[in-house]
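*Asks:* Could you work out the structure for the sequence below:
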Amino acid sequence: MSDNSEASEADLPARIVYVEDNPANVRLLEFLIARHDDLSLTAAETGEAGVELIQKTLPDLVLMDIGLPGIDGFEALRQLKADETTRHIPIIAISANAMPHDVEKGRQAGFMSYLTKPIDINELLEAVKQILSENT
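*Replies:* This is a model prediction of the structure:
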């Protein structure tokens, strides 16, 4: 009989980092993610702190606000894609900028998906699950 005392990697929740400066948005996402045993969430309030946290923890997925204090989401994305240890991590942009050219700019920059605020919870969870299933 095999020893199942150690959790396999498939049993561990997918690790998500949310880089967002609005505490209300972070609380909302923490509440939503807590309802999913297969997901865990850590947050950072600035682009710089987000890049550092992502480089340290190497999460499975990043949710990146675009309008951040300090470096914005585009610069954080650029830094993460330039780093060999983090360039493989899928990053979803979340932004209040919802014009078609904003969405296109985000996709061209390298975001896996570009979601607009106010966040559509079902759309967000669908994008998260799809990207995680494609990248695990």
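*Asks:* for the chain, longest helix please?
*Replies:* helix 121-134 (DSSP state H).
*Asks:* mind listing what's buried in that one?
*Replies:* 124-125, 127-128, 131-132 (16 or more other CB atoms under 10 Å). For the C-beta atoms, the positions are set from N, CA and C on the backbone; glycine is no exception.
*Asks:* Provide a list of residues in contact with residue 42.
*Replies:* 15-18, 53, 57, 59 (CB atoms under 8 Å, 6 or more residues apart in numbering).
*Asks:* Mind picking the two most distant members of those?
*Replies:* 18 and 57 (12.3 Å; CB to CB).
*Asks:* These two: which has the busier surroundings?
*Replies:* The residue with more neighbours, out of residue 18 and residue 57, is residue 18; 24 against 11, by other CB atoms under 10 Å.
*Asks:* Test my guess that the more buried one contacts residue 61.
*Replies:* No - with contact defined as CB atoms under 8 Å, residue 18 does not reach residue 61; the gap is 9.5 Å.
*Asks:* Now for residue 113, how many residues are close by?
*Replies:* Residue 113, neighbours per other CB under 10 Å, totals 20.
*Asks:* and the helix or strand harbouring residue 16, what other elements does it pack with?
*Replies:* Using DSSP states H and E, residue 16 maps to strand 14-19. Packing partners of strand 14-19 (3 or more CB pairs under 8 Å, 6 or more residues apart in numbering; DSSP states H and E): helix 23-34, strand 39-44, helix 47-57, strand 61-65.
*Asks:* Not counting the last one itself, show me its contacts.
*Replies:* For strand 61-65, the external contacting residues (CB under 8 Å, 6+ apart) are 14-22, 25, 29, 50, 54, 73, 76-77, 80, 89-95, 111, 124, 128, 131-132, 135.
*Asks:* Can you show me the CA trace of it as CSV?
*Replies:* Coordinates of each C-alpha in strand 61-65 appear next as CSV, following Å, rounded to 0.1, in the frame of the first residue of the first chain:
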residue,chain,number,x,y,z
LEU,A,61,-0.9,32.9,-11.5
VAL,A,62,-0.8,36.7,-11.1
LEU,A,63,-3.7,39.1,-11.1
MET,A,64,-2.2,42.6,-11.8
ASP,A,65,-3.9,45.9,-11.4
